[in-house]
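Student: generate coordinates for the sequence data below:
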Amino acid sequence: MAAKMNQSIQNAIWLLNPLHHHPLSSKVKPRLHFRRQPFFVSSTSSSSMSSKRALFCTCTSSSADNNGLHDGGPFVITTPLYYVNAPPHMGSAYTTIAADAIARFQRLLGKKVVFITGTDEHGEKIATAAAAQGSNPSEHCNVISQAYKTLWKDLEIAYDKFIRTTNPKHEAIVKEFYSRVLANGDIYRANYEGLYCVNCEEYKDEKELLDNNCCPMHLKPCVMRKEDNYFFALSKYQKLLEATLTENPNFVQPSFRLNEVQSWIKSGLRDFSISRTSVDWGIPVPNDNRQTIYVWFDALLGYVSALAEDEEQSNLESAISSGWPVSLHLIGKDILRFHAVYWPAMLMSAGLSLPKMVFGHGFLTKDGMKMGKSLGNTLEPNDLVRKFGPDAVRYFFLREVEFGNDGDYSEDRFINIVNAHLANTVGNLLNRTLGLLKKNCQSTLVADSTIAAEGNVFRDTVEKLVEKARVHYEGLSLSSACEAILEIGNAGNSYMDERAPWSLFKQGGDASEAAAKDLVIILEALRIIAIALSPVTPSLCWRIYGQLGFSKDEFDSATWIETKWGGLKGGQVMAQPKPVFARIENRMEDEDGGEAAKKEVKNKDKVPQTQGVAEA
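Tutor: I've put the predicted structure just below:
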């Protein structure tokens, strides 16, 4: 009788967790282990719980405005938790700069923002990297995690939460989440043999590999491994994921990334291993200290554990109540599968709501070539910041890379674009306008900007461009937002050249009065630029705002409402003109290492016109 009951339970488990969906299924040999109290729930309770939770977690924010990003709650945005096997690179800096700009814009809108970033600190690669440096994993993680914090400070990244996956509160939440998924019948144990990419820390299907079983991402041969692991029943959520993406097409953006995800799912989802026996540096599997939790199953939960307040007892419910679900996961396209397939299924299993959007951006290249140490053409963010400053670095990558697509860096273009846009179009306009104001009006505004612009079409132009920038920001079209704001500067320069106030001042009388009002109008446009561009170049914009007679507190407390025309008042005294952005010179060095004459890169490229916006 007991043997018959045991066989019945095994059959139920087999139906719930069909191993034949797993990659390389001919090599999978099920080995189901039971204790006196089996860790599997019955098929009836599992099915019931799954269906109830599935109904709950498919309720993403379809009723919210702007593609589900804004629904009245806090705006929670995340970068990936960066893997600390090596110091930060330009790809991770790019993601974080973009996330910071989006977070700053949302703060301007008056939203409560929670900006999460951090480091992923478990796994085989980290233990190997530490050993190669003659260090232990903990010390290695401390050094690299601090390197990220230092770079973020240098790049003026204003994050709210920095989570490390070695934090005890994170470990507690991972274990609780794991137990929830386990209780839902979605974790089982089996032998697995397959090709494993150490760099990806992932088993690979043979059909996705290159010659000699090389990983297409890292171009290194995968190794054959056989392990007794715990698996997550991803295949169980295939239909639910398909339905979720159909009902919520904005869940994955840009739209061409959604197409990729839908293609992956339609090709058939396979259960994946969520533990490792060969990795010691990780969170132990609850009730089985011989195994550690797979680094991705661990790291994705950093988005949740980051929400838990440090002083609170760390648990899943308190973290969820502090801002979940996330409004926007911002990631590189190489980790899209984990965020748009694995992560939603895991959340469904645990009965938690899905994030509102996953946005996968493209890669960066240098001089048209993929970056790599073997090619000697890596782009080090620390070097760029030291050489050019944070405003230049932030502006170039957000303006020149159409968000969502791949983008390229070349130093000549970097210098030309930054000089043309920030030093000339914006900086020089401010400097010469304040110079004229000092010479002719004792640096004092003669009228309110509203009065000065009565009946002037220039004001209408500025207001339309500001609204255009706002729409682009909200649609995550950061390059187009920058372009719209730069057009305000172009319009201001054209207005200055057409009106020629220096000539009007010489005429005296009404002409001089009109010239004084022209300066107010141009300075008002620059004040608006200082607010509108502040998500992208915060320090530059503060320098502009400060020269217009405002305090740092006024700048820090400004909101998008301040982009409305009318902020400058008659009698307001401007600061003495001082360049807010120095032109970048291309320094050429002699063979002996001494500095040669400064050589300015000729701007052969015209200031680019508005680029096509990536599908969204």
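
Student: for the stretch 51-200 of the chain, which segments count as helices?
Tutor: In the stretch 51-200 of the chain, the helices defined using DSSP state H, counting those that start in this stretch lie at 90-108, 124-132, 137-154, 168-183.

Student: on contacts alone, who are the packing partners of the shortest one?
Tutor: Spelled out, that is helix 124-132. Contact here means 3 or more Cβ pairs under 8 Å, 6 or more residues apart in numbering; DSSP states H and E; on that basis helix 124-132 packs against helix 137-154. In this view, the C-beta of every residue, glycine as well, is placed from N, C-alpha and C.

Student: mind exporting the helix it packs on as PDB, just the C-alpha atoms?
Tutor: In PDB, the C-alpha atoms belonging to helix 137-154 read as follows (Å, rounded to 0.1, in the frame of the first residue of the first chain):
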ATOM      1  CA  PRO A 137      35.900  36.500  -2.300                       C
ATOM      2  CA  SER A 138      34.700  38.800   0.500                       C
ATOM      3  CA  GLU A 139      37.700  41.200   0.200                       C
ATOM      4  CA  HIS A 140      37.500  41.100  -3.600                       C
ATOM      5  CA  CYS A 141      33.800  42.100  -3.400                       C
ATOM      6  CA  ASN A 142      34.400  44.900  -1.000                       C
ATOM      7  CA  VAL A 143      37.100  46.400  -3.300                       C
ATOM      8  CA  ILE A 144      35.100  46.200  -6.600                       C
ATOM      9  CA  SER A 145      31.800  47.200  -5.000                       C
ATOM     10  CA  GLN A 146      33.500  50.400  -3.700                       C
ATOM     11  CA  ALA A 147      34.900  51.000  -7.200                       C
ATOM     12  CA  TYR A 148      31.400  51.200  -8.500                       C
ATOM     13  CA  LYS A 149      30.300  53.600  -5.700                       C
ATOM     14  CA  THR A 150      33.300  55.800  -6.400                       C
ATOM     15  CA  LEU A 151      32.600  55.900 -10.100                       C
ATOM     16  CA  TRP A 152      28.900  56.600  -9.500                       C
ATOM     17  CA  LYS A 153      29.900  59.600  -7.300                       C
ATOM     18  CA  ASP A 154      32.300  60.900 -10.000                       C
END
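
Student: just want the angle from that helix to helix 124-132.
Tutor: 100 degrees (axes from the mean of the first three to the mean of the last three Cα atoms, to 10 degrees).

Student: related to what we said a few turns ago, so which of the helices of the stretch 51-200 of the chain is the most packed in?
Tutor: Greatest average neighbour count among the helices of the stretch 51-200 of the chain goes to helix 90-108 (a mean of 23), per mean count of other Cβ atoms under 10 Å.

Student: related to what we said a few turns ago, what's the least confident stretch among the helices of the stretch 51-200 of the chain?
Tutor: With a mean of 91, helix 124-132 has the lowest mean pLDDT of the helices of the stretch 51-200 of the chain.

Student: any idea how far it is from the chain center?
Tutor: In terms of Cα atoms, centre = their mean, to the nearest Å, the centre of helix 124-132 is found 26 Å from the chain centre.

Student: what does it rub up against?
Tutor: Outside helix 124-132, the residues that touch it by Cβ atoms under 8 Å, 6 or more residues apart in numbering are 83-86, 136-137, 139-141, 198-199, 201, 276, 278-281, 295.

Student: Gly570 touches Ala516, doesn't it?
Tutor: No - contact criterion Cβ atoms under 8 Å: Gly570 and Ala516 do not qualify, at 10.3 Å.

Student: find residues that contact each of those two.
Tutor: Jointly contacting Gly570 and Ala516 under the rule Cβ under 8 Å, 6+ apart are 446-447.

Student: more neighbours, the two?
Tutor: Ala516 (21 against 14; other Cβ atoms under 10 Å).

Student: for Gln313, see how far away the more buried one is.
Tutor: 64 Å (Cβ to Cβ, to the nearest Å).
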